[in-house]
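**Student:** Quick one: sequence plus predicted model below, questions after.
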Number of protein chains: 2
Amino acid sequence: MGAEVKQTILNRLIGGIDAMSPRLRLAAKYIVDNQSAFGIDPIRTSADKAGVSANTFVRLADRLGFDGFDDLREPFRVSLLERYDGSAGEAWLDDLSHAGAFAADHARTLRNEMDIVKQSLRLLTPHKAEAAAALLTEARNAYVTATRSSYALAYYFHYVARMSLPHVHLIPRHMGSPVDEMVSVEPSDVLMAITFPPYSADTIDALRLARRSGMKVILLSDSELIAPAIQADLFLKVSVQSHHSFSCYAGAMAVLDSLLHHIVTRGGKAAELRISRYQSLREDFGAYWRAKLPRLRRE
Amino acid sequence: MGAEVKQTILNRLIGGIDAMSPRLRLAAKYIVDNQSAFGIDPIRTSADKAGVSANTFVRLADRLGFDGFDDLREPFRVSLLERYDGSAGEAWLDDLSHAGAFAADHARTLRNEMDIVKQSLRLLTPHKAEAAAALLTEARNAYVTATRSSYALAYYFHYVARMSLPHVHLIPRHMGSPVDEMVSVEPSDVLMAITFPPYSADTIDALRLARRSGMKVILLSDSELIAPAIQADLFLKVSVQSHHSFSCYAGAMAVLDSLLHHIVTRGGKAAELRISRYQSLREDFGAYWRAKLPRLRRE
DNA sequence: GCCTGCAAAGAACATATGTTCTGAAATCGC
DNA sequence: GCGATTTCAGAACATATGTTCTTTGCAGGC
């Protein structure tokens, strides 16, 4: 009952947003993006978060034909109640399991994803996380390598990490083998390798070269035993098991997210500043909604 | 974070209820029984529903050591906001929270990762998953696009999907804008765009072009409202919130993993075969341990 | 019986919240 | 360009909300 009303409002907000004035758009977008927060916050809080004034929300409510702001917020309040009560625990997954063949199969994959994420994060002890962050931060140069599908993970990690640590490099940069770009490594460098079965020969070569060069080695994989005569200084185990023939990388991504957090935290104010400079640089391009508005950010 | 505090309060309420006066008991029981309602209702409403006076709740808050009623209700509010206390009650995480400053911070990030993964997967209903798989499978050509850090996600998705569906293309392939590679799109094609704030102008352009071309559009993002005049045929919402200035992609990755599963499943025997052919092709290169070993595959 | 101590409700108060009003700034139309 | 219109924020206002104060009622002790 309440959920329908809410959906109707959302549809009207989405459908009518192109015909709205800039501030009304911001307010509408805020509601669509933060439905739960909008349900509980008082009008001024929502206004601050959305970057508009309080009475912009009043005007939005009026424009939508409501008697007042409260009438607009009410459906979001009750939907918050309904949804929460219905979703306590893992009931939603169990329900899915009994909602037909496709849903049951779907539920199995979702459960698997959550399991590998939990399992991977569990294995990332604070000690290991701290050690990894320290190794990467204090290295002269830190090389991140991977190939094929795990290259995506390395790409992401490098993309974010380099904002905080300019001495992080992704190899191979384009084509070719990672060893080609390791000609001038030194013992004060670090190699972080990411590989999953079937393990890449290129990555294994890079690991071997790193060992010979006396570099520190961080290995992110599902097994510590990748190939003979390979040992990592720090092994980060992640779970990638799946029901099909290829791996699931959600666990690995969660571990990388977590490492990035520590790297940025270690970087302190300077790192934060560098990242926000990247951000603002990019916003000059993709600034559609925020167009010419002052960026009011909470906290 | 909020979920823990709430749980602590509940435990204290339940544990201490025998030592309370009759009215305080009523109030305590009401909180335990109606956690969500207690989170949003003002004090007088809760008082009416519980059958006590307003200041009984004030006294209860005082007795529990809070500075005021608001402090008592706050954890219930935020837990309502977090929609899903995915990580509540994980003993190993709770232990971490009390093992020093670094471990506590670490635990916070792990909890966040698990929550966004759960939240994202919850939003991926079987209906949406099936629709996405169908759109991608039945398209003449399917284009996957993203830029900057989310390019990693698109890269991964394309890498695996194309084994099952050869008509999936990653754009932009190297440099340049995705629109450059959309010159010959047709209404029977599909565009799957992945973008997170700050939204990329290139991706938005691609979405606009897709709309004009009559293509079907799948949008994987944190918001349905990316830019004006953009609407997706299928919107897959994922949670990327984090405690720092950049997004966490574990939830997005879990959703992609899940979609890939359905795509491969839909592909049937033919797809499985194609994938294992890729696998064996790669193993000829990277076959170190496996060389003379039987391939043990779980399940 | 009277007093003390506690529990509880209701009234009184200060603050927070939604709403309205006003004037300034931006935008549009000509 | 310049006036008309729209959009918007800040102040002013009435109501709602949390808190405090006061009073009442009820036990138990001397």
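**Tutor:** Ah, there it is.

**Student:** check contacts around whichever residue of the stretch 101-250 of chain A sits closest to DNA strand D.
**Tutor:** When scored by Cβ to the nearest atom of the strand, the stretch 101-250 of chain A has A:Met163 as its residue closest to DNA strand D, at 30.6 Å. (Glycine included, C-beta is placed from N, CA and C.) When contacts are counted by Cβ atoms under 8 Å, 6 or more residues apart in numbering or on different chains, A:Met163 touches A:271, A:274-275, A:278, B:246.

**Student:** And the residues you listed, which is the shakiest by pLDDT?
**Tutor:** Minimum pLDDT for the contacts of A:Met163 is recorded at A:Tyr278 (69).

**Student:** check which helix or strand covers the residue of the stretch 101-250 of chain A closest to DNA strand D.
**Tutor:** helix A:151-164 (DSSP states H and E).

**Student:** hmm, the next helix or strand after that helix in reach of chain B?
**Tutor:** Sequence order places strand A:168-171 as the next helix or strand after helix A:151-164, per DSSP H and E. No: Strand A:168-171 stays clear of chain B (Cβ under 8 Å from any Cβ of the partner chain), getting no nearer than 10.6 Å.

**Student:** Touching strand A:168-171 from outside, list them.
**Tutor:** Taking Cβ under 8 Å, 6+ apart as the rule, strand A:168-171 contacts A:136, A:141-145, A:154-155, A:158, A:161-162, A:178, A:181-182, A:206.

**Student:** Okay, now the sheet partners of that strand, with direction.
**Tutor:** If you go by DSSP bridges, strand A:168-171 pairs up with strand A:142-145 (parallel).

**Student:** CA atoms only for the partner strand, dumped as CSV, please.
**Tutor:** Extracted as CSV, the C-alpha positions of strand A:142-145 are listed here (Å, rounded to 0.1, in the frame of the first residue of the first chain):
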residue,chain,number,x,y,z
ALA,A,142,55.2,-0.2,-6.3
TYR,A,143,54.2,-2.3,-9.4
VAL,A,144,50.8,-3.8,-9.7
THR,A,145,50.5,-6.5,-12.2
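
**Student:** average pLDDT across it?
**Tutor:** On average, strand A:142-145 scores 97.

**Student:** what does stretch A:255-270 give?
**Tutor:** 91.

**Student:** hmm, it touching chain B?
**Tutor:** Yes: Stretch A:255-270 comes into contact with chain B (Cβ under 8 Å from any Cβ), by way of A:257-258, A:260-262, A:264-265.

**Student:** Check stretch A:57-69 too.
**Tutor:** No: for stretch A:57-69, no contact with chain B is found by Cβ under 8 Å from any Cβ; the gap never falls below 14.1 Å.

**Student:** so who does A:Tyr143 touch?
**Tutor:** With Cβ under 8 Å, 6+ apart, A:Tyr143 has these contacts: A:168-171, A:178, A:181-182, A:185, A:189-192.

**Student:** measure stretch A:141-153 end to end?
**Tutor:** Length of stretch A:141-153, first residue to last, Cα to Cα, to the nearest Å: 19 Å.

**Student:** Then stretch A:82-101?
**Tutor:** 27 Å.

**Student:** pLDDT on that stretch, on average?
**Tutor:** pLDDT averaged over stretch A:82-101 gives 76.

**Student:** Could you tell me the angle between the helix holding A:Met163 and helix B:151-164?
**Tutor:** Here helix A:151-164 runs at an angle of 170 degrees relative to helix B:151-164 (axes from the mean of the first three to the mean of the last three Cα atoms, to 10 degrees).

**Student:** mind checking how far the residue of the stretch 101-250 of chain A closest to DNA strand D is from DNA strand C?
**Tutor:** 33 Å (Cβ to the nearest atom of the strand, to the nearest Å).

**Student:** A:Ser223 now?
**Tutor:** Applying Cβ to the nearest atom of the strand to A:Ser223 and DNA strand C gives a distance of 53 Å.

**Student:** Return the residues in contact with that residue.
**Tutor:** Neighbours of A:Ser223 in contact, by Cβ under 8 Å, 6+ apart: A:197, A:237.

**Student:** is it true that it lies in a strand?
**Tutor:** No: counting by DSSP: H, G, I helix; E, B strand; the rest coil, A:Ser223 is not part of a strand but coil.

**Student:** Kindly list the main-chain dihedrals of it?
**Tutor:** Backbone torsions for A:Ser223, taken as degrees, to the nearest 10, come to phi -150, psi 140.

**Student:** The one 4 residues further on now?
**Tutor:** Here is the backbone geometry of A:Ala227 (degrees, to the nearest 10): phi -160, psi 160.

**Student:** what number of residues lie near it?
**Tutor:** The number of residues packed near A:Ala227 is 18, by other Cβ atoms under 10 Å in any protein chain shown.

**Student:** who touches the spatially most central residue of chain A in this structure?
**Tutor:** For chain A, the residue nearest the mean C-alpha position is A:Asp257 (6.3 Å; Cα atoms, centre = their mean). Shown in contact with A:Asp257 (Cβ under 8 Å, 6+ apart): B:109, B:113, B:242, B:248-250.

**Student:** Would you mind naming what in the stretch 1-150 of chain A lies close to DNA strand C?
**Tutor:** A:42-45, A:54-55, A:58, A:61, A:67-70, A:73 (Cβ under 7 Å from any atom of the strand).

**Student:** gap between the helix or strand hosting A:Leu96 and the chain center?
**Tutor:** Assessed by DSSP H and E, A:Leu96 sits inside helix A:91-97. Per Cα atoms, centre = their mean, to the nearest Å, the displacement of helix A:91-97 from the mean C-alpha position of its chain is 25 Å.

**Student:** who does it touch, helix- and strand-wise?
**Tutor:** helix A:101-123 (3 or more Cβ pairs under 8 Å, 6 or more residues apart in numbering or on different chains; DSSP states H and E).

**Student:** Can you name every helix or strand that the helix it packs on contacts?
**Tutor:** In terms of contacts (3+ Cβ pairs under 8 Å, 6+ apart), helix A:101-123 is packed against helix A:91-97, strand A:234-237, helix A:250-286, helix B:101-123, helix B:126-138, helix B:250-286.

**Student:** Cheers, nothing more for now.
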